[in-house]
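Novice: Sequence isn't available, so here's the structure alone:
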DNA sequence: TTCATTTCTTGTCATTTGCCAAGAGCAACG
DNA sequence: CGTTGCTCTTGGCAAATGACAAGAAATGAA
């Protein structure tokens, strides 16, 4: 073994993530995982900046990230949160090779594994199981956004807060309240009041 | 030619739709289009009913459709509108083979072409161009939903109404105002008032 | 046509949420 | 330490939107 060889992290978590989708066999999961490269992003650093093209398909193993866009007045609006065991990339920019309107920033130190767009396409071409996996990732993201849209229309801000607290409590450990507020579609002032009411119950 | 042979509609529009994506050559578009079957849905009939699995990948050539779900109080909420030259299916139910929570109903007489889930997968397997096309359809739907979510958070109801009127005027020719209202995330009463204010300008 | 049903509008009032400003709490840094 | 900046909370008020009910308009069926 060479002198200053630095052992990479184990990609065991990535292999499990692929395999547990039930779309990728363990053997294939290992092949796929071995083409991914390790990546670390320290807190406050950006995984993606608006104006750039999202070019990395990133499996977030540990850490936490927030995606946000800017409205016409320049206010930032949280579009998504990512915790461990999720795939992170901006769908439209990544697949259309277009400039991203979104930023994705680490709000805690992150570790994980990535492949580039061209590497992903090569894998898709070679491995039908990985294609199925890729489709499932897209479909899952799409479905959860549909659910979120429906809740925006049919539920009150307090109900949405309540649901988020129950289904994604980790968000409250990693994100500022004002960022959670814009994700819920309300101002930080309103969220503060909702929390006050909520704590009485 | 047999006696009561009924010539099918021409699938020229479908071929164009595939080819104009710039992801499918004309020759391949013809191969793909020839595996689609013609389908007509008359006004008020359902393309998909909640409780069933979305099993048809439908190219809507002419007509108009509305997708809607029910909230916990039983009110119907419009989740999407479809006009000509679009692909219609419920992503989550179709790809996950799960029971649909949504209905999709023709609000005008519709004609088009469909393939089933298994036919689609066979085509995906055989034709990488069609895979690219299928991915683009998913990505486009995802991106437009993201845009809509951002507008729900950052824009007023009147701004959303205004944008819909400008970008999708055909919706107003085919859908009831109460159905447009729930799509915009407001009550029919509010939409009526917004229209009143709007008409003064 | 006539009747019944549904859709749309409008009025009144209540509720939610936003906007603005002030202040408290907290962390980072010299 | 003490200052600075950022986040969160709170109060007062305004604006947007919803809930409910009544009536007008449009639609569809007999």
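Specialist: Okay, I see it. Owing to the predicted nature of the structure, the values given are computational and were not obtained by experimental measurement.

Novice: Contact residues of chain A facing DNA strand C?
Specialist: A:156-158, A:185-187, A:189-190, A:193-194 (Cβ under 7 Å from any atom of the strand). Just so you know, the C-beta spots here come from the backbone N, C-alpha and C atoms, and that holds for glycine as well.

Novice: now, the most widely separated pair of these?
Specialist: A:156 and A:189 (16.0 Å; Cβ to Cβ).

Novice: about what we covered before: narrow the residues of chain A next to DNA strand C to just the buried residues.
Specialist: A:157-158, A:185-186, A:194 (16 or more other Cβ atoms under 10 Å in any protein chain shown).

Novice: Identify, from these, the entry nearest to DNA strand D.
Specialist: Distance to DNA strand D, by Cβ to the nearest atom of the strand, is smallest for residue A:194 among these, at 8.8 Å.

Novice: Doesn't that closest one belong to a strand?
Specialist: No - with DSSP: H, G, I helix; E, B strand; the rest coil as the criterion, residue A:194 is assigned helix and is not in a strand.

Novice: What score does the residue of chain A found nearest DNA strand C have for pLDDT?
Specialist: Minimum separation of chain A from DNA strand C (Cβ to the nearest atom of the strand) falls at residue A:190, amounting to 3.0 Å. Residue A:190 is assigned a predicted lDDT (pLDDT) of 96.

Novice: Which of the buried ones among the residues of chain A next to DNA strand C fall within helices?
Specialist: Counting by DSSP state H, those place A:157-158, A:194 in helices.

Novice: helices or strands next to the helix ranked longest in chain A in the packing?
Specialist: With secondary structure taken from DSSP H, chain A has its longest helix at helix A:128-154. Under the contact definition 3 or more Cβ pairs under 8 Å, 6 or more residues apart in numbering or on different chains; DSSP states H and E, helix A:128-154 sits against helix A:26-34, helix A:117-126, helix A:157-167, strand B:76-82, helix B:91-96, helix B:128-154.

Novice: Contacts for the helix or strand hosting residue A:18 next, please.
Specialist: Following DSSP states H and E, one finds residue A:18 within helix A:12-19. With Cβ atoms under 8 Å, 6 or more residues apart in numbering or on different chains as the test, helix A:12-19 has contacts from A:24-26, A:28-30, A:32-33, A:36, A:59, A:61, A:85, A:112-113, A:133.

Novice: Most neighbours among those residues, please name it.
Specialist: Neighbour counts for those, by other Cβ atoms under 10 Å in any protein chain shown, peak at residue A:112, which reaches 29 neighbours.

Novice: quick one: residue A:23 is in a strand?
Specialist: No - read with three-state DSSP, residue A:23 is coil and lies in no strand.

Novice: what residues are up against it?
Specialist: A:129, A:132-133, A:136.

Novice: which ones among the residues you listed come in contact with DNA strand D?
Specialist: Within the contacts of residue A:23, nothing lies near DNA strand D by Cβ under 7 Å from any atom of the strand.

Novice: possible to save the residues you listed as JSON lines with pLDDT and distance to residue B:18?
Specialist: Formatted as JSON lines, the contacts of residue A:23 follow (pLDDT from 0 to 100; distance: Cβ to Cβ, whole Å):
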{"residue": "A:129", "pLDDT": "97", "distance to residue B:18": "26"}
{"residue": "A:132", "pLDDT": "97", "distance to residue B:18": "22"}
{"residue": "A:133", "pLDDT": "98", "distance to residue B:18": "25"}
{"residue": "A:136", "pLDDT": "98", "distance to residue B:18": "24"}
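
Novice: Now the helix holding residue A:18: buried residues?
Specialist: Neighbour count says helix A:12-19 has A:13-15, A:17-19 buried, by 16+ other Cβ under 10 Å.

Novice: Now that we have the residues of chain A next to DNA strand C, can you turn them into JSON lines and tack on distance to chain B?
Specialist: Below are the residues of chain A next to DNA strand C laid out as JSON lines (distance: Cβ to the nearest Cβ, whole Å):
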{"residue": "A:156", "distance to chain B": "12"}
{"residue": "A:157", "distance to chain B": "12"}
{"residue": "A:158", "distance to chain B": "15"}
{"residue": "A:185", "distance to chain B": "4"}
{"residue": "A:186", "distance to chain B": "9"}
{"residue": "A:187", "distance to chain B": "11"}
{"residue": "A:189", "distance to chain B": "15"}
{"residue": "A:190", "distance to chain B": "13"}
{"residue": "A:193", "distance to chain B": "18"}
{"residue": "A:194", "distance to chain B": "16"}
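
Novice: List just the nearest of those residues to residue B:144.
Specialist: residue A:185 (18.1 Å).

Novice: That closest one is in contact with residue A:156, isn't it?
Specialist: No - contact criterion Cβ atoms under 8 Å: residue A:185 and residue A:156 do not qualify, at 10.9 Å.

Novice: returning to what we had before: can you tell me which two in the buried residues of helix A:12-19 are farthest apart?
Specialist: A:13 and A:19 (10.7 Å).

Novice: What is the burial count for residue A:167?
Specialist: 8.

Novice: where does the closest residue to residue A:192 other than its chain neighbours sit relative to chain B, distance-wise?
Specialist: Spatial nearest neighbour of residue A:192, excluding adjacent residues (Cβ to Cβ, 6 or more residues apart in numbering or on different chains): residue A:177 at 7.1 Å. Separation of residue A:177 from chain B (Cβ to the nearest Cβ, to the nearest Å): 16 Å.
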